[in-house]
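K.L.:
Would you be able to build a 3D model of this:
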Amino acid sequence: MLRDEIWNQLVDAERLVRYYGDLAQHYNRCSWILRGIILLFCMAGITALLDRIPEWANLIVYAVLAGAIVSEAIMSYEKKAALVGIIYIRCDKLLDQWRDLWNEVDQEDPVDEGVIQEKYRRLRDDLTDVTGWVALCGISEHKRIHRKATKKAYETIEGYYAHV
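P.N.:
Below you'll find the model as predicted:
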């Protein structure tokens with residue numbers, strides 16, 4: 001039973017590493033896109049262009065610029081990327097520890113059950129603490145990235161541990 005639970009936690013740790021890595025990249029990309037839009041529309045040459053286009057088009061340009069500025073301020077993509085990046089690094093370290101624990105459990109020699117249970121509890125608690133930071137900071141789940149990370153995690157784990 002503990003063996004199965006360790007396996008499940010190993011798979012979950014793999015999923016979390018992939019998810020938070022991809023989510024950090026997503027937030028960085030969003031931040032750069034918004035900054036690029038703001039920079040593009042704030043350049044000095046845009047004012048000359050605005051004089052040449054119809055007034056309704058000016059309104060669209062200003063609406064896009066205002067939307068980008070407000071989105072950057074409200075969404076805080078840069079801060080989210082930094083936080084999720086830290087979580088990613090911590091999850092990656094925990095994944096290595098889950099792999100080590102799995103290798104201990106998966107060996108043929110008898111393993112001290114008490115030591116295994118203690119390592120399991122500590123790793124599970126550490127993973128819960130780290131992933132709890134996301135909820136505290138109000139970062140919601142990104143379903144597309146989550147599905148992709150889950151699929152990739154199962155493929156990776158199956159590749160590493162095909163004999164299980």
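K.L.:
Going by C-alpha atoms from here, please, whenever you check contacts or count neighbours.
P.N.:
Fine.
K.L.:
Would you mind identifying the next helix or strand past the helix-or-strand element of the chain with minimal mean pLDDT?
P.N.:
Within the chain, no helix or strand scores below helix 45-52, which has a mean of 66 by mean pLDDT, DSSP states H and E. For helix 45-52, the succeeding helix or strand toward the C-terminus, using DSSP states H and E, is helix 55-75.
K.L.:
what's that next one in contact with?
P.N.:
With C-alpha atoms under 8 Å, 6 or more residues apart in numbering as the test, helix 55-75 has contacts from 31, 34-35, 37-38, 41, 50.
K.L.:
Please repeat the previous calculation with a cut-off of 10 Å.
P.N.:
Under the criterion C-alpha atoms under 10 Å, 6 or more residues apart in numbering, residues 27, 30-42, 46-47, 49-52, 76-78, 139 lie in contact with helix 55-75.
K.L.:
Pull out the buried members of those.
P.N.:
Those of the contacts of helix 55-75 that meet the buried threshold are 27, 30-31, 34, 38, 41, 77-78, by 16 or more other C-alpha atoms under 10 Å.
K.L.:
so what's Val134 up against?
P.N.:
By C-alpha under 10 Å, 6+ apart, Val134 lies in contact with 80, 83-84, 87, 140-141.
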